[in-house]
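J.: Okay, here's the prediction I keep looking at, along with the sequence it came from:
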There are 2 protein chains.
Amino acid sequence: MRIRNVKEGDYSDISPVINNWWGGRDMSDMVPKLFFVHFTETSFIAEEDGKVVGFLIGFLSQTYPDEAYIHFAGVHPEYRRSKIGRKLYEQFFSVVLQQGRSVIRAVTSPVNKDSVNYHKRMGFELEKGDKELNGIPVHTHYDGIDQSRVLFMKYFQKEETR
Amino acid sequence: MRIRNVKEGDYSDISPVINNWWGGRDMSDMVPKLFFVHFTETSFIAEEDGKVVGFLIGFLSQTYPDEAYIHFAGVHPEYRRSKIGRKLYEQFFSVVLQQGRSVIRAVTSPVNKDSVNYHKRMGFELEKGDKELNGIPVHTHYDGIDQSRVLFMKYFQKEETR
């Protein structure tokens, strides 16, 4: 398995599989082509024998110079439990730390318990929200009316970035 | 009418009106909240008497240090023909030129003739594609299978950025 940066041509491979990998949920609109053109240094693909088995789309915050953001990440259902997600996250951490970022953020839906648990295992903290849902702090209406979200943050020591 | 940078709280005002402004097309997923958090310096709102009448979402390309990208822009249907769009674009041009960007890109669907003509009037060139559709150069399958797109570019002299 190797991890490499995304390139523009990857979009046509990734976009059609997203809804499959998410069990039929219509998610592909969340990953527009612009990320494969303009955010290639912080977006990665995991390949096994030339086949895409995972990807991570992220960027350096333009507004917050200390922050980087993981927008979307997924692993082929048949390749889960093989630490591909962890390797993609670690590659992202490494690249954004080199760019002087010390706070990494991500957002998920509270219904996506796998994602909540995954981010906890990866060392993310859950940002205090305005409400708790089954013990999980959520930000109500974060992504629109009735669209609560869980906000994750992972802090690195500034020294680690040198 | 005044133009200001977007802030996080604007998302809840803008997101619900997008589909209305686009005549019922389901477009709001194309403008996720992340732009209102992490790309605020290059995203703008036009307000008239405290009411949002237009917006532009754009960013500095992370991959191409000369480029900036306009992702989405819209004007309230009742406020069109009042140069709000032009003022939003000019504000974006001004800010990204100050950041040393000399190429501005945008992408649209060939069916959106208003957008094609608008970008021509705003001085954008149409990038040569692999096909022509009603005299318009298109990039076939750009945004997925059968999703042709028109690619726009506007060049500024590097000197203008000083």
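T.: Arrived safely. Residues are numbered from 1 along each chain as shown, chains lettered A, B, ... in the order given.

J.: For chain A, what lies in contact range of chain B?
T.: A:11-12, A:15-16, A:28-30, A:32-34, A:37-42, A:59-64, A:67, A:69, A:71, A:107, A:141-145 (C-beta under 8 Å from any C-beta of the partner chain). Just so you know, the C-beta spots here come from the backbone N, C-alpha and C atoms, and that holds for glycine as well.

J.: Can you turn the buried part of the residues you listed into a ChimeraX selection?
T.: In ChimeraX, a selection of the buried entries from the residues of chain A next to chain B looks like this (16 or more other C-beta atoms under 10 Å in any protein chain shown):
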select /A:11,12,15,28,30,32,33,34,37,38,39,40,41,42,59,60,61,62,63,67,69,71,107,142,143
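
J.: Now, the residues of chain A next to chain B that are in helices?
T.: When the residues of chain A next to chain B are checked against helices (DSSP state H), the matches are A:Tyr11, A:Ser12, A:Ser15, A:Pro16, A:Leu34, A:Val37, A:His38.

J.: ok, and what's touching the lengthiest helix in chain A?
T.: Identified as the longest helix of chain A according to DSSP H is helix A:84-98. For helix A:84-98, contacts defined as C-beta atoms under 8 Å, 6 or more residues apart in numbering or on different chains pick out A:1, A:3, A:41-42, A:44, A:46, A:53-56, A:58, A:60, A:68, A:70, A:73, A:75, A:104, A:118, A:122, A:154, A:156, A:160-161.

J.: Low-confidence ranges, chain A, go.
T.: A:159-162 (pLDDT under 70).

J.: one more time with 90
T.: A:19, A:22-30, A:80-82, A:134, A:143-146, A:157-162 (pLDDT under 90).

J.: got the contact list for A:Asp26?
T.: A:Asn19.

J.: would it count as being in a strand?
T.: No: assigned with DSSP: H, G, I helix; E, B strand; the rest coil, A:Asp26 falls outside any strand and is coil.

J.: any idea which element the residue nearest to A:Tyr69 when sequence neighbours are not counted lies in?
T.: Nearest non-adjacent residue to A:Tyr69, counting by C-beta to C-beta, 6 or more residues apart in numbering or on different chains: A:Arg105, 5.0 Å away. Using DSSP states H and E, A:Arg105 sits within strand A:103-108.

J.: and the angle for that strand with helix A:84-98?
T.: Strand A:103-108 runs at 140 degrees relative to helix A:84-98, counting by axes from the mean of the first three to the mean of the last three C-alpha atoms, to 10 degrees.

J.: what's the next secondary structure element after strand A:103-108?
T.: As assigned by DSSP H and E, the chain's next helix or strand after strand A:103-108 is helix A:113-121.

J.: Sheet partners, orientation included, of the helix or strand just after that next one?
T.: Once helix A:113-121 ends, the next helix or strand along the chain (criterion: DSSP H and E) is strand A:125-126. On the basis of DSSP bridges, the sheet neighbours of strand A:125-126 come out as strand A:150-155 (antiparallel).
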